[in-house]
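> Kindly return the folded structure for what I paste below:
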Amino acid sequence: MKIFHTSDWHLGRTLYGKKRYIEFEAFLNWLIEQIELKSPELLIIAGDIFDNTTPSNKAQELYYQFLCKVAANTSCQHIVIIGGNHDSPTLLNAPKELLKQLKIHVVGNISPDYRDDVLELKDTNGITQALVCAIPYLRDRDIRILDEYELAEDKDKNFMHAIKDYYSKVCEHAELLRQQLEHPVPIIATGHLFVTGGKTLKDDGVRELYVGSLAQFGATDFPAGIDYLALGHLHVPQIIASKDNYRYSGSPLAMGFGEARQQKVIIEADISVGNVTVNEIAIPKFQPLERIAGNLDTIKLALTNLVNRNESIWVEVDYTGQEIVANLQQELQAIVMNTQVELIKVYNSQLLAQVLSSAEYEGGIELSSLNPEQVFDKCLSMNNIPANQQEELKKCFAQIMQDLTSNDVRAE
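All right, here's what the predicted structure looks like:
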């Protein structure tokens, strides 16, 4: 069975306030072209379809237009979509029965009966082609009964065990179904989680999923019978634990300037029982991004070179020179004025360092220059919180941030 594997579209995501719908639409149109050209029988979208749980109407329009075009105009026989930590499970699931008529299988969250998370995909002749363990992002409350008296260290360990157990029982059911078939078919599993050894990049926008537990779920925790594991969550395309059939596809667009030089891909895989051949298909860059760091002379020279390329480029600048340049933004804007180069963000690191190191500083700085963790750290420092209490407070803050960004606030 030939499949395409992609994930982490983050439809609706902005970059420092810049809307990116033109890029998203260009990617989706390109993906349709690749489906028409390569004729995969299955497309897997491994979570984080949208950037938040309340996506804009435009983001949803792009999503549904894409699904309709693939179903109506290509030979792709099935689409499997799982929810990620950015997605609203109920929003994804709302039209699932309708989409199922188009052989689009949506699993926003786990089913009440875990056996229903095993999808038996058949061809036009009714012959089973593959079994898909369609496992979405797993929330703690979804897969185990929580104990209010549970210690923090036990909570993390028990949660990881619950994830492992859930994969085990779903895949065991798939194996049972496979044994009942007249001919063996591959078992494909999905996941949206952080697996030990996974690579991230600074400024890639990947949220911490399980506070305090990032290093505890490894490739060996997945059941052995999986022929291909289609993972989402990390934006860097990569192989896990040297297993060529355990893959993160990565995001199709650079979600931050930290990914500006990274080649984005979709995964094409030919899968049979016990054998997988994988090919990475490079995704074009629909909007070039560049990150420049250095002293003032270095930055000015780099900006001039970008201007001379005579193409649309979004730029992030990080000034790291020793001298404080108060009018940095104005000096750099003068270079790119009336060109296709656009300064999206300018960091004045030297000025920022001065602000953060001086409680008495009364000057101004944009709040957008600080991430939530930096703001919270500054609050702890300004309120003279003892060092022995700060670690626990930071962990609580991280948990609050996780809850705020992953709860399905519009479920009812």
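
> For the rest of this, base every contact and every neighbour count on C-alpha atoms.
Will do.

> Show me where this structure has its helices.
21-38, 57-73, 89-93, 96-100, 140-143, 152-180, 296-308, 328-336, 349-357, 372-382, 387-406 (DSSP state H).

> Deepest-packed of those helices, please.
helix 89-93 (a mean of 20; mean count of other CA atoms under 10 Å).

> now for it, which elements pack on it?
Secondary-structure packing of helix 89-93 (3 or more CA pairs under 8 Å, 6 or more residues apart in numbering; DSSP states H and E): strand 104-107.

> Check the offset of the strand it packs on from the chain's centre.
18 Å (CA atoms, centre = their mean, to the nearest Å).

> Against which helices or strands is that strand packed?
The elements that strand 104-107 packs onto, with contact taken as 3+ CA pairs under 8 Å, 6+ apart, are strand 78-82, helix 89-93, helix 96-100.

> Kindly reformat these as JSON lines containing mean pLDDT.
Shown next, in JSON lines, are these (pLDDT from 0 to 100):
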{"stretch": "strand 78-82", "mean pLDDT": "97"}
{"stretch": "helix 89-93", "mean pLDDT": "95"}
{"stretch": "helix 96-100", "mean pLDDT": "95"}
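
> right, and the ones you listed - which one's nearest Gly191?
Nearest of the helices and strands packed on strand 104-107 to Gly191, taken as CA to CA: strand 78-82 at 8.1 Å.

> tell me what that closest one is packed against?
In terms of contacts (3+ CA pairs under 8 Å, 6+ apart), strand 78-82 is packed against strand 42-46, strand 104-107.

> and the angle for it with helix 57-73?
Counting by axes from the mean of the first three to the mean of the last three CA atoms, to 10 degrees, strand 78-82 lies at 150 degrees to helix 57-73.

> Next, the buried residues of strand 78-82.
Within strand 78-82, the residues scored as buried using 16 or more other CA atoms under 10 Å are His78, Ile79, Val80, Ile81, Ile82.

> Could you export that strand as PDB, keeping only the C-alpha atoms?
The C-alpha trace of strand 78-82 is given here as PDB (Å, rounded to 0.1, in the frame of the first residue of the first chain):
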ATOM      1  CA  HIS A  78      -8.800   7.000   2.000                       C
ATOM      2  CA  ILE A  79      -7.800   9.900   4.200                       C
ATOM      3  CA  VAL A  80      -7.100   9.400   7.900                       C
ATOM      4  CA  ILE A  81      -7.000  12.500  10.100                       C
ATOM      5  CA  ILE A  82      -6.100  12.400  13.800                       C
END
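
> now what about it, what contacts it?
Counting by CA atoms under 8 Å, 6 or more residues apart in numbering, strand 78-82 makes contact with 41-47, 103-109, 121, 134-137, 190, all of which sit outside it.

> Now the buried members of the residues you listed.
41-47, 103-109, 121, 134-137, 190.

> Kindly reformat the helices of the chain as JSON lines and extend each row with distance to Gly232.
As requested, these are arranged in JSON lines below (distance: least, CA to CA, whole Å):
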{"stretch": "helix 21-38", "distance to Gly232": "17"}
{"stretch": "helix 57-73", "distance to Gly232": "17"}
{"stretch": "helix 89-93", "distance to Gly232": "15"}
{"stretch": "helix 96-100", "distance to Gly232": "20"}
{"stretch": "helix 140-143", "distance to Gly232": "18"}
{"stretch": "helix 152-180", "distance to Gly232": "15"}
{"stretch": "helix 296-308", "distance to Gly232": "33"}
{"stretch": "helix 328-336", "distance to Gly232": "37"}
{"stretch": "helix 349-357", "distance to Gly232": "33"}
{"stretch": "helix 372-382", "distance to Gly232": "25"}
{"stretch": "helix 387-406", "distance to Gly232": "16"}
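
> Out of the ones you listed, which is closest to Asn275?
helix 152-180 (15.9 Å).
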